[in-house]
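**Student:** The following comprises the amino acid sequence and a computationally predicted model.
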Amino acid sequence: MTAYFEYRHTVGFEETNLVGNVYYVNYLRWQGRCREMFLKERAPEVLADLADGLKLFTLKVDCEFFAEITAFDELAIRMSLVDLAQTQVEFAFDYVRLDPDGGEALVARGRQRVACMRGPNTRTVPTRVPEPLTRALASYAPVRV
């Protein structure tokens, strides 16, 4: 089994700026989309929990860029687990351009830290990472040496 969850994406014109490069905010959107697809495919019980009051707050997000990408580039956004604490999860994201000849190029790398919370918006409190999410993340745990 791979140590990451992969979301595939084709870059569209609407994701580029005036000079044709992908606008930086889209990398952050793709992190969120990758996380959503992970929940849908690997931990669908959490989606019901979200409807029942669980909140996933993004505490921190970053992205480092290595190469430019443009419209119609094919990407694999690969999400892996960095840290799983009682109430928070940290993910890493590798943005890999998939070349038509089968080659790959790492074009960016990002991270995201998420806190699990419950309660009304004015009085949310930390809550444990839901068990279905913990189980789904188990196969993506970093290897400790």
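**Tutor:** Arrived safely. Residues are numbered from 1 along each chain as shown.
**Student:** Surely F93 and A76 touch.
**Tutor:** No: in this structure F93 lies outside contact range of A76 using C-beta atoms under 8 Å: 10.5 Å. Using the backbone N, CA and C atoms, a C-beta is placed for each residue, glycine as well.
**Student:** same for the one helix or strand V96 maps to, what does it pack against?
**Tutor:** Using DSSP states H and E, V96 maps to strand 88-98. If you count contacts as 3 or more C-beta pairs under 8 Å, 6 or more residues apart in numbering; DSSP states H and E, strand 88-98 packs onto helix 25-42, strand 74-84, strand 104-118.
**Student:** Going by how many neighbours each has, rank F93 and A76 and give me the top one.
**Tutor:** More neighbours surround F93 than the other of F93 and A76, with 25 against 16 (other C-beta atoms under 10 Å).
**Student:** residue contacts, the residue lying closest to the more buried one once chain neighbours are set aside?
**Tutor:** Using C-beta to C-beta, 6 or more residues apart in numbering and skipping residues adjacent in sequence, the residue nearest F93 is G110, 4.3 Å away. G110 makes contact with 27-28, 31, 61-64, 92-93, 95, according to C-beta atoms under 8 Å, 6 or more residues apart in numbering.
**Student:** quick revisit: so which of the helices and strands packed on strand 88-98 gets nearest D52?
**Tutor:** strand 104-118 (9.3 Å; C-beta to C-beta).
**Student:** Direction included, what does the closest one pair against?
**Tutor:** According to DSSP bridges, strand 104-118 forms sheet pairs with strand 55-65 (antiparallel), strand 88-98 (antiparallel), strand 125-126 (antiparallel).
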